[in-house]
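[1] output the structure for:
(one chain, ligands or ions: 2)
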Amino acid sequence: MKRNIIITGGAGFIGSHVVRLFVNKYPDYRIINVDKLTYAGNLANLVDIEDKPNYTFVKADICDYDKMLELMRQYDVDGVIHLAAESHVDRSIKDPFTFARTNVMGTLSLLQAAKVYWDSKPEKYEGKRFYHISTDEVYGALELTHPEGLEPPFTTKASSGQHHEAYGEEFFLETTKYNPHSPYSASKASSDHFVRAYHDTYGLPTIVTNCSNNYGPYQFPEKLIPLFINNIRHRKPLPVYGKGENVRDWLFVEDHARAIDQIFHEGKVAETYNIGGFNEWKNIDIIRVVINTVDRLLGRKEGEDLDLITFVTDRAGHDMRYAIDSRKLQAELGWEPSLQFEEGIERTVRWYLDNQEWMDRITSGEYEKYYEDMYKNR
Ligand code: NAD
Ligand code: TYD
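    Ligands and ions are numbered 1, 2, ... in the order given. Okay, the predicted model is just below:
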């Protein structure tokens, strides 16, 4: 094999898209998917590639340092793409310890395993890569200075054609000071610092990327878009936090996976790249688009389900606005989002409606009870 790469969290939402892309695109790479299969990990996300000869699944906890070192040795690993994490802000508010354990200690355990194994090789860090996937949430929150929307300062493929606003003049840059507010973003910020410390202290060849909110197939239905698609289908209430005015910057998951591929191969060691498509949406606006799309695809009257919108108690410490400036990545590596947002949402809604069995398996049983308790307590 030309390369042996561990991808952590490959049974999760974004990880499964990255594993699929690498396994299909690089038949001469061995891809080792290391995943603990928490509630968010689902091997059903990977049935189409599970029998490929260059794919291996290992069920393991990234916090298990001895196991991580053993895997580095067993597969002579030369690259790590690290996505495994606890990823849901609402869960982090209820259970911060699990987030510190997996996101901080798990990342540290992987860093140390890579360092110890690569230190033992004659060529040391030559040709090696430790790529850590992070989030824009570490930068904190931007203000909503223009609630009615500004003219777009940048145009991209994702937003061209359709005029799309920005809701403030400020954007997150790679140089923006970290200012996390939730236990989730605090744990991701901490892990980012450890990754950079391993470069600065030991010279480990690291890269960090910070991406905006992803959407697309295989996302666990506790996150806004798949949760709402499923609730609309079943005509259940749509719990909108606060007034629905918070702004998120949405990127189609396959565009993120393509960026990860390109940065893993062409990105500069020790650099940080922001990934996003200049695609800001107020929650309430995106929810209306999702309702209209589901209604249309189900043959209902468009907008018929708008009355499912239910304003509920706001999330504690709810960040107002996220907006990524990804011009560095566009200028240095030529990456751009490939999809118009309208097309991405249409494909996403269609996928969830066509894969109801995937959804039903997750939303029945234990998760259903968890979600009902969560909703009742709001
Ligand atoms: P996800 O919750 O869907 O998947 C996480 C995966 O990690 C699951 O398969 C889970 O089983 C696995 N995992 C959790 N704890 C583990 C442990 N201790 N050991 C091994 N595996 C473990 O998450 P996602 O949305 O796909 O996010 C993936 C990464 O991308 C995360 O690091 C997240 O912070 C980052 N990110 C996500 C978004 C987004 O919008 N979802 C945006 C930017 C960055
Ligand atoms: P989410 O998908 O949890 O992503 P994140 O918190 O990482 O941005 O939420 C996206 C936005 O939608 C966020 O502003 C919170 C809001 N939201 C709701 O209004 N209702 C919900 O039920 C959920 C899950 C999220």
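[2] as a check, name the ranges of all helices in the stretch 1-150 of the chain.
    13-25, 65-74, 89-94, 96-99, 107-119 (DSSP state H, counting those that start in this stretch).
[3] oh, I was asking about the stretch 201-350 of the chain
    Here the stretch 201-350 of the chain has its helices, by DSSP H, counting those that start in this stretch, at 224-233, 253-266, 283-297, 327-333, 341-354.
[4] can you list those helices in CSV and add distance to ligand 2?
    C-beta here means a position set from N, CA and C on the backbone, and glycine is covered the same way. Below are these laid out as CSV (distance: least, C-beta to the nearest ligand atom, whole Å):
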stretch, distance to ligand 2
helix 224-233, 4
helix 253-266, 13
helix 283-297, 5
helix 327-333, 20
helix 341-354, 13
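[5] most packed of those helices?
    Of these, the one with the most neighbours on average (mean count of other C-beta atoms under 10 Å) is helix 224-233, at a mean of 22.
[6] and that one, what does it pack against?
    Helices and strands touching helix 224-233, by 3 or more C-beta pairs under 8 Å, 6 or more residues apart in numbering; DSSP states H and E, are strand 238-241, helix 283-297, helix 341-354, helix 356-363.
[7] the shortest one near ligand 2 anywhere?
    If I follow you right, that is strand 238-241. Yes. Contact of strand 238-241 with ligand 2 (C-beta under 6 Å from any ligand atom) involves 239, 240, 241.
[8] and the helices of the stretch 201-350 of the chain as JSON lines, adding mean pLDDT?
    As requested, the helices of the stretch 201-350 of the chain are arranged in JSON lines below (pLDDT from 0 to 100):
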{"stretch": "helix 224-233", "mean pLDDT": "98"}
{"stretch": "helix 253-266", "mean pLDDT": "98"}
{"stretch": "helix 283-297", "mean pLDDT": "96"}
{"stretch": "helix 327-333", "mean pLDDT": "96"}
{"stretch": "helix 341-354", "mean pLDDT": "95"}
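[9] so which of the ones you listed is nearest ligand 1?
    Set against ligand 1 and scored by C-beta to the nearest ligand atom, the helices of the stretch 201-350 of the chain come closest in helix 253-266, at 7.4 Å.
[10] by contact count, what packs against that closest one?
    Against helix 253-266 (3+ C-beta pairs under 8 Å, 6+ apart) you get helix 13-25, strand 79-82, strand 129-135, strand 206-211, strand 213-215, strand 272-275, helix 327-333.
[11] pLDDT below threshold where in this protein?
    Across the chain, the ranges flagged by pLDDT under 70 are 151-164.
[12] could you give the number of residues near residue 44?
    For residue 44, the neighbour count with other C-beta atoms under 10 Å is 14.
[13] ugh, wrong one, I meant residue 239
    When neighbours are defined as other C-beta under 10 Å, residue 239 has 18 of them.
[14] likewise for residue 121?
    The burial count assigned to residue 121 is 13, neighbours taken as other C-beta under 10 Å.
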